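Trainee: Structure here, sequence nowhere to be found:
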Ligand SMILES: NC(=O)c1ccc[n+]([C@@H]2O[C@H](COP(=O)([O-])OP(=O)(O)OC[C@H]3O[C@@H](n4cnc5c(N)ncnc54)[C@H](OP(=O)(O)O)[C@@H]3O)[C@@H](O)[C@H]2O)c1
């Protein structure tokens with residue numbers, strides 16, 4: 001039976017790939033992002049709505065419209081997120097840190113807290129979180145991004161305990177390097193610098209990550225895939241990357 005799948009940050013990269021993958025399964029989709037004009041080209045027949053996860057009014061408007069269109073939410077893919085800059089802690093000004101924490105942690109919580117109660121009441125549902133290898137291993141210049149992703153592990157762990165016995169599942173999909181607009185955003189539009197991240201190596205594609213999300217979301221209801229850590233074969237940690245000629 002078709003499910004109602006909500007994807008945050010569906011205008012690009014992993015979110016867009018997840019939307020397309022669930023659409024191929026015949027699920028009913030609600031897609032949100034700030035650049036809502038991009039959403040119809042991701043999955044034309046989905047419900048499209050502007051969403052800024054850092055704005056509680058926007059989150060409420062997005063979710064209300066989603067439920068009005070497609071009914072109760074079966075799968076929530078918390079994908080919206082970003083890294084901004086590479087400032088070390090001693091060099092930071094706080095602006096980029098706030099943006100990352102407000103988006104990756106508080107934004108995700110705002111969306112999730114509005115969806116979980118109806119999942120608990122219906123005794124079923126699946127919360128998927130796109131974490132990162134950065135939540136498992138920190139690196140210089142990424143302290144706050146890594147911290148924001150590590151926080152998601154604790155939040156997922158707590159949600160599993162809090163929803164125990166309700167049939168709700170919580171999965172974290174934690175990828176290594178994926179070629180998306182992620183680096184372009186991190187380097188504030190510097191395309192040459194972003195391209196260097198992927199030079200001479202073979203990163204994951206957004207579709208590779210979507211495969212993992214769909215795998216977790218299509219297990220039988222009694223199976224909860226807690227965490228999937230998925231890396232490119234050419235990457236062993238945030239800073240151990242095999243590049244041609246190296
Ligand atoms: N690429 C990687 O190497 C990698 C590795 C591990 C984990 N991740 C995680 O994967 C997730 C998706 O990133 P990506 O690689 O697909 O990057 P991306 O191509 O830049 O996509 C990020 C998505 O998040 C959305 N977003 C950002 N801020 C938002 C906000 N305030 N409200 C709503 N949507 C927002 C963006 O949409 P709008 O700008 O249109 O709002 C966009 O659709 C992120 O959580 C990221 O941390 C990425």
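Mentor: Perfect, I can see it now. Values in this document were obtained by computation on a predicted structure and should not be read as measured data. Numbers count the residues shown, from 1 in each chain.

Trainee: all contacts plus neighbour counts: C-alpha atoms, from now on.
Mentor: Noted.

Trainee: Could you list the residues of this protein in contact with the ligand?
Mentor: For the chain, the residues in contact with the ligand (Cα under 6 Å from any ligand atom) are 8-15, 33-35, 51-54, 79-82, 103, 130-132, 175-182, 185.

Trainee: mind listing which of those are in strands?
Mentor: 8, 33, 130, 175 (DSSP state E).

Trainee: Could you give the bridge partners of the first one?
Mentor: Assessed by DSSP bridges, residue 8 has beta-bridge partners residue 32.

Trainee: show me what contacts it?
Mentor: Contact analysis of residue 8 by Cα atoms under 8 Å, 6 or more residues apart in numbering lists 15, 31, 32, 33, 51, 77, 78, 79, 80.

Trainee: Max pairwise distance over the ones in strands among the residues of the chain next to the ligand: which two?
Mentor: Within those, 33 and 175 form the most distant pair, 20.8 Å apart (Cα to Cα).

Trainee: can you list the ones in strands among the residues of the chain next to the ligand in CSV and add pLDDT?
Mentor: Below are these laid out as CSV (pLDDT from 0 to 100):
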residue, pLDDT
8, 99
33, 99
130, 99
175, 98
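
Trainee: Can you tell me which of those has the most neighbours?
Mentor: Taking other Cα atoms under 10 Å as the neighbour criterion, residue 8 ranks highest of these with 27 neighbours.

Trainee: Name the residue closest to the centre of the chain, please.
Mentor: With distances taken as Cα atoms, centre = their mean, the chain has residue 79 as the residue nearest its mean C-alpha position (1.9 Å).
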